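In: Just need the structure, nothing else, for what follows:
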Amino acid sequence: MIYTVTFNPSLDYIARLDSFQSGTINRLNYENFLCGGKGINVSIVLKNLSMDSTALGFTAGFTGKEIERQLTDIFHCHCDFIHLNEGNTRINVKIKADNETEINGQGPDISTNALNALFEKLSTLQDGDYLVLAGSIPNTLPNDIYEKILKHLSDKKINVIVDAEGKLLVNVLSYHPFLIKPNNHELSGIFGKELTTVEELVEHAKLLQEKGARNILISRGGDGAILLTEKGDYMQCPAPKGILINSVGAGDSMVAGFVAGYINTNDYKEAFRMGVASGSASAFSENLATKPEIDNLLKDIII
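Out: Numbers count the residues shown, from 1 in each chain. All right, here's what the predicted structure looks like:
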C-alpha cells in the first residue's frame, strides 16, 4: 500500500488574468479552487496512473472539507485525514498573469493529541508499504517531525520517500529513506553554495548517499533530471520538449511517476522514465498529469 502525508495542505485559489497591477482593481479571465499540497498531489497523480494510495494529514474547517470532497468525489482518492477542531485549512492564492505571484495562507495549529493520532495511523503500516513525506510543515510543529516519523517506523521495512527542503530532508538520511527528491536549488541550499553543473550535482548528491539516502532523484526543471541509485548507477535524462504552462505540482508528479514505475517494473531506469514523463506532463498542463498525457511523453523519454 502507498501512503502520503501532507502536514500543510491547502485549497488553492487559481486566478488567471492578462496582467496584474497592484494598487488597483484587477479582473480575472479564469478562476478555480483546487485541493493542493505536495502529498495530496502525489496521491492524485498516482490515482491517474491507476495506483491506489491513502492520503494522510490534517484538515480543518470548511476549506478542509472541500479538500476531502474533491479528493473523494473528483479525483477518486482514498483519504484518512485527522480533523482538527479549530481553524481552517489554509487558502493559497496563485495569481497567474505576466508573472506568477503566490500568496500562501497560514495553516491551523496541530495539537499534540492530533499529532499522536497521526502516529497511531502510521503504526498500522506494514513491511513493504510506501510512505511519501512531502512538503513544508506548519511552524507549530517541531522541525524534526519527519525524523520522528522515521524513527517511529524504524522497526519496519517501509519504503520512505522524502520530498522536503533543508533540515527536514537532511535529518532523515540516517534512517536510509528509499528515495529523496531535492531539486537543484534545494540541493544547493543544503550545501550552502550554488551547484550548476551536472558534475557538481552528482558529486554532492553522492555525499547525501554516504549519509544514508538509498536513491536520489534530482529535478532540474527545463534541464531534465538526474538519478543516483543504491546500486551505484548514475542516470541523466533531458527534459522532453513542450511548453511550460504550470510548474506547480511538477515535482510531486515526478515522485508519483517514479513510485508507480518502480512498483510496476522493479526497475530504476523505467521508474526514472516514468518520473520524468509524469513531471513534464504536469508542467505542460493546466492541471496535474493524466495517464494519456504521461503516456504521450513516455515514448520520447530516453535515459
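In: Could I get the average pLDDT for stretch 199-217?
Out: The average pLDDT within stretch 199-217 is 95.
In: who's in contact with it?
Out: The contact list for stretch 199-217 (C-beta atoms under 8 Å, 6 or more residues apart in numbering) reads 170, 173-182, 184, 187, 190-191, 195, 218, 220, 225-230, 234, 254-255, 258, 268, 272, 275. (C-beta placed from N, C-alpha, C; glycine too.)
In: So which bits of that stretch are buried?
Out: 200, 201, 202, 204, 205, 208, 209, 213, 214, 215, 216, 217 (16 or more other C-beta atoms under 10 Å).
In: CA atoms of it as CSV?
Out: The C-alpha coordinates for stretch 199-217 follow below in CSV (Å, rounded to 0.1, in the frame of the first residue of the first chain):
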residue,chain,number,x,y,z
GLU,A,199,29.1,17.0,-12.2
GLU,A,200,28.6,19.3,-9.2
LEU,A,201,25.1,18.0,-8.6
VAL,A,202,26.2,14.4,-8.8
GLU,A,203,29.2,14.9,-6.5
HIS,A,204,27.1,16.5,-3.8
ALA,A,205,24.2,14.0,-4.2
LYS,A,206,26.7,11.2,-3.5
LEU,A,207,27.6,12.9,-0.2
LEU,A,208,23.9,12.5,0.8
GLN,A,209,24.0,8.9,-0.2
GLU,A,210,27.0,8.5,2.1
LYS,A,211,24.8,9.9,4.9
GLY,A,212,22.2,7.2,4.2
ALA,A,213,19.9,8.1,1.3
ARG,A,214,19.4,5.0,-0.9
ASN,A,215,18.2,6.6,-4.1
ILE,A,216,18.4,10.3,-5.1
LEU,A,217,16.2,11.9,-7.8
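In: what's the offset of that stretch from the middle of its chain?
Out: The chain centroid and the centroid of stretch 199-217 are separated by 19 Å, computed with C-alpha atoms, centre = their mean, to the nearest Å.
In: Same check on stretch 245-252?
Out: 10 Å.
In: Give me the distance between the nearest residue to residue 50 once chain neighbours are set aside and residue 217.
Out: If the residues on either side of it in the chain are set aside, residue 50 comes closest to residue 291, at 7.2 Å by C-beta to C-beta, 6 or more residues apart in numbering. Distance, residue 291 to residue 217, using C-beta to C-beta, to the nearest Å: 21 Å.
In: Who are the contact partners of residue 47?
Out: 53, 75, 76, 77.
In: confidence score at the closest residue to the third one other than its chain neighbours?
Out: Sequence neighbours aside, residue 47 is the residue nearest to residue 76 in space, at 6.0 Å (criterion: C-beta to C-beta, 6+ apart). Reading off the confidence values, residue 47 has pLDDT 98.
In: same thing with residue 96?
Out: The predicted local confidence for residue 96 is 86.
In: That one bridge partners, please.
Out: Beta-bridge partners recorded for residue 96 (DSSP bridges): residue 16, residue 100.
In: residues near it, how many?
Out: 19 (other C-beta atoms under 10 Å).
In: could you measure it against residue 262, distance?
Out: From residue 96 to residue 262 the distance is 33 Å (C-beta to C-beta).
In: what about the strands in the stretch 51-200 of the chain?
Out: Counting by DSSP state E, counting those that start in this stretch, the stretch 51-200 of the chain has strands at residues 53-60, 78-79, 82-84, 90-96, 100-104, 130-134, 159-163, 179-180.
In: Got phi/psi on the residue nearest to residue 76?
Out: Backbone torsions for residue 47, taken as degrees, to the nearest 10, come to phi -60, psi -40.
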